[in-house]
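A.B. asks: Take a look and give me a structure for this.
(4 chains)
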Number of protein chains: 2
Amino acid sequence: MPDEAPSTAHAHRVTPKVSYHHGDLRAQLIAAVRELVETYGPDGFSVAEAARRAGVSSAAPYKHFKDRPEILRGVVSEAMDRLRAAMEAGAAAHPVGSLEAVAAVGQAYVDFARAEPGVFRLVFSLTEGHENAPDLLTKGARCFGVVVHAVAACLDLPPDNPDVQRRAYMLWSFVHGHSFLHIDMKTKVTTAEIDDWDYLLGISHAVLASAARS
Amino acid sequence: MPDEAPSTAHAHRVTPKVSYHHGDLRAQLIAAVRELVETYGPDGFSVAEAARRAGVSSAAPYKHFKDRPEILRGVVSEAMDRLRAAMEAGAAAHPVGSLEAVAAVGQAYVDFARAEPGVFRLVFSLTEGHENAPDLLTKGARCFGVVVHAVAACLDLPPDNPDVQRRAYMLWSFVHGHSFLHIDMKTKVTTAEIDDWDYLLGISHAVLASAARS
DNA sequence: TGACCGAAGTTAGCATCTCTCACATGATAT
DNA sequence: ATATCATGTGAGAGATGCTAACTTCGGTCA
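C.D. replies: Model (predicted):
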């Protein structure tokens, strides 16, 4: 709901977003927090430090966010948007209904986790925020929807088909687990090296082929 | 190294473990923290509150733990012991080399995540601790070893076989993702209901059968 | 135009938390 | 019996989360 086009549409739109004292602090705070989370881990962040980096007093953030958790929720919300966009772009880079499109969705997921492990972990660490934030739930569901969509196209079935849902869930949990293990235990936990693309293609094939068979 | 049998073996062993002021505070603190993490989430815990629950001053914990993170590492270490024990028990409840034994390892994993979601999440949230704590790494590797062992027995191959390692990693990531998704999105994210045991058996079969074939 | 209003930011301040330092205590060893 | 060292206590410094009261500025409307 916020950060839309300026409602005062006619006035001097030089310096387009500089409307109040600071400019748009909200986005800058989220960016600062994202950086902090990425650097020091999901816990190693403080509202005070984020405010310091944005060049405002330590009380300023509370004009835009009710709570410390709400700031994190803002970061998560923004991250989920980017994640979904990346997954959709991955799917769009391959023919509709192809196995590659399915694997590319998973690849985008893994790439995101590897590029921003702190934020990725944060997205799935927010238990306390989920109940209070229905928009996060819907955004999560929309991310899952990307997987469902790709699987449905590949199997040539409607997205609400239970079998499609089940296979999509299997793929999602597979990719999710792979991503988490990957960023958790960078030190090799297996003696067998894993190449992401082969791995994901193989997984996708196994899950979807067994669906087509049975 | 600590908490062994009392070295003063001959003396009055009434009240067996009451040796110092408080008794064994270390274990009691870990238990208190575990409870707090389970109740308020991995972040909603404070050393002060744990000390309060243990009935000691807020400075006492620092005689047993260097840091706040070190307390969490203690909880994680203890949790990993329990997790490995549960996985081994699951495997031991079925014939050696059976598919059920493999699935039971995964079931134990999922059960643990469901029974203690906070602690489970904490185990895999500790990035900053892992570098400084080699014992956590080895404990994690031993947990993975349980999976490897079950898979190796099922495929009748040595545990260090790369294919065994790869299949074990696949199963592990699958179960890990399933567990995480399950505790994250209790609200159903799919229209297809998932029954754990059937699910895990199917997964195990798919992963191991394709290994046997190729 | 100019007085009002509310959004966005500031300083001051309380409660809490982490962690340290000096001190007290008591079990154990000599 | 006394020294010692691990274990606990209390006080306190520094940082943080968050609130309250005040200031400043942009936009609205008589």
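
A.B. asks: C-alpha only now, for contacts and for neighbours.
C.D. replies: OK.

A.B. asks: Quick one: find the helix or strand in chain A with the lowest mean pLDDT.
C.D. replies: Taking all helices and strands of chain A together, the one with the lowest average confidence (mean pLDDT, DSSP states H and E) is helix A:128-132, at a mean of 62.

A.B. asks: how about the helices in chain A?
C.D. replies: Counting by DSSP state H, residue ranges of the helices within chain A are A:25-40, A:47-54, A:68-92, A:99-115, A:117-123, A:128-132, A:134-155, A:162-184, A:196-213.

A.B. asks: Residue numbers of chain A in contact with DNA strand C?
C.D. replies: Chain A has residues A:20-25, A:55-61, A:63-64 near DNA strand C, with proximity defined as C-alpha under 7 Å from any atom of the strand.

A.B. asks: So of these, which two are at opposite extremes in space?
C.D. replies: Spanning the widest gap among these are A:20 and A:58, at 18.1 Å by C-alpha to C-alpha.

A.B. asks: Give me the more crowded residue out of those two.
C.D. replies: Neighbours were counted for residue A:20 and for residue A:58 using other C-alpha atoms under 10 Å in any protein chain shown; residue A:58 has more, 15 against 8.

A.B. asks: Chain neighbours aside, what residue packs nearest to the more buried one?
C.D. replies: In space, residue A:58 comes closest to residue A:48 once its chain neighbours are excluded; the distance is 5.0 Å by C-alpha to C-alpha, 6 or more residues apart in numbering or on different chains.

A.B. asks: right, so of the helices of chain A, which gets closest to residue B:70?
C.D. replies: helix A:25-40 (16.4 Å).

A.B. asks: Show residues contacting the closest one.
C.D. replies: Residues lying outside helix A:25-40 but in contact with it, judged by C-alpha atoms under 8 Å, 6 or more residues apart in numbering or on different chains, are A:43-45, A:50-51, A:53-54, A:61, A:64, A:71-72, A:74-75, A:116-119.

A.B. asks: Could you list the buried residues of that helix?
C.D. replies: By neighbour count on 16 or more other C-alpha atoms under 10 Å in any protein chain shown, the buried set for helix A:25-40 is A:25-26, A:28-38.

A.B. asks: Using CSV, please lay out the residues you listed together with pLDDT.
C.D. replies: Formatted as CSV, the entries for those read as follows, by pLDDT from 0 to 100:
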residue, pLDDT
A:25, 89
A:26, 94
A:28, 95
A:29, 96
A:30, 96
A:31, 96
A:32, 96
A:33, 97
A:34, 97
A:35, 96
A:36, 96
A:37, 95
A:38, 94
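
A.B. asks: Looking at the residues you listed, spot the one nearest DNA strand D.
C.D. replies: Sorting the buried residues of helix A:25-40 by distance to DNA strand D puts residue A:33 at the head of the list, at 10.6 Å, by C-alpha to the nearest atom of the strand.

A.B. asks: Give the burial count for residue A:50, as a bare number.
C.D. replies: The burial count assigned to residue A:50 is 23, neighbours taken as other C-alpha under 10 Å.

A.B. asks: can you count the residues close to the residue nearest to residue A:58?
C.D. replies: Other residues near residue A:48 come to 15 when the count uses other C-alpha under 10 Å.

A.B. asks: How about the contacts made by it?
C.D. replies: By C-alpha under 8 Å, 6+ apart, the contact set of residue A:48 is A:57, A:58, A:59.

A.B. asks: now residue A:95
C.D. replies: Applying C-alpha under 8 Å, 6+ apart, one finds that residue A:95 lies in contact with residue A:101.

A.B. asks: give me phi/psi at it?
C.D. replies: Recorded main-chain torsions at residue A:95 are phi -60, psi 140, according to degrees, to the nearest 10.

A.B. asks: how is chain A carved up into domains?
C.D. replies: Using automatic domain parsing, the domains assigned to chain A come out as A:14-65, A:68-213.

A.B. asks: out of those domains, deepest packed?
C.D. replies: Comparing the domains of chain A by mean neighbour count (mean count of other C-alpha atoms under 10 Å in any protein chain shown), domain A:68-213 comes out on top with a mean of 19.

A.B. asks: ok now that domain, how far from the chain's centre?
C.D. replies: Here the centre of mass of C-alpha atoms in domain A:68-213, compared against the chain's by C-alpha atoms, centre = their mean, to the nearest Å, lies 9 Å away.

A.B. asks: And stretch A:35-49, by the same measure?
C.D. replies: Per C-alpha atoms, centre = their mean, the displacement of stretch A:35-49 from the mean C-alpha position of its chain is 18 Å.

A.B. asks: quick check, it touching DNA strand D?
C.D. replies: Yes - under the criterion of C-alpha under 7 Å from any atom of the strand, DNA strand D is reached by stretch A:35-49 at A:45, A:46, A:47, A:48, A:49.

A.B. asks: Likewise for stretch A:58-67?
C.D. replies: Yes - where contact is defined by C-alpha under 7 Å from any atom of the strand, part of stretch A:58-67 touches DNA strand D, namely A:58, A:59, A:62, A:66, A:67.

A.B. asks: Dump these into TSV; add pLDDT and distance to residue A:83 as well.
C.D. replies: Formatted as TSV, the entries for these read as follows, by pLDDT from 0 to 100; distance: C-alpha to C-alpha, whole Å:
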residue	pLDDT	distance to residue A:83
A:58	96	30
A:59	96	31
A:62	97	27
A:66	94	25
A:67	91	24
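
A.B. asks: that older thread, okay, the helices of chain A in a markdown table with distance to residue B:88 next?
C.D. replies: What follows is the helices of chain A, written out as a markdown table (distance: least, C-alpha to C-alpha, whole Å):
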| stretch | distance to residue B:88 |
| --- | --- |
| helix A:25-40 | 35 |
| helix A:47-54 | 43 |
| helix A:68-92 | 37 |
| helix A:99-115 | 30 |
| helix A:117-123 | 28 |
| helix A:128-132 | 32 |
| helix A:134-155 | 33 |
| helix A:162-184 | 21 |
| helix A:196-213 | 27 |
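
A.B. asks: and residue A:117, what is it in contact with?
C.D. replies: Residue A:117 is in contact with A:38, A:183, counting by C-alpha under 8 Å, 6+ apart.

A.B. asks: Leaving out chain neighbours, which residue sits closest to residue A:196?
C.D. replies: Once its chain neighbours are removed from consideration, residue A:196 has its nearest residue in residue A:107; the separation is 7.2 Å (C-alpha to C-alpha, 6+ apart).

A.B. asks: Can you give me the pLDDT of that neighbour?
C.D. replies: At residue A:107 the predicted local distance difference test score is 97.

A.B. asks: do the one 10 residues further on as well
C.D. replies: If you check residue A:117, the pLDDT there is 93.

A.B. asks: ok, it to DNA strand C distance?
C.D. replies: Residue A:117 sits at a distance of 23 Å from DNA strand C (criterion: C-alpha to the nearest atom of the strand, to the nearest Å).
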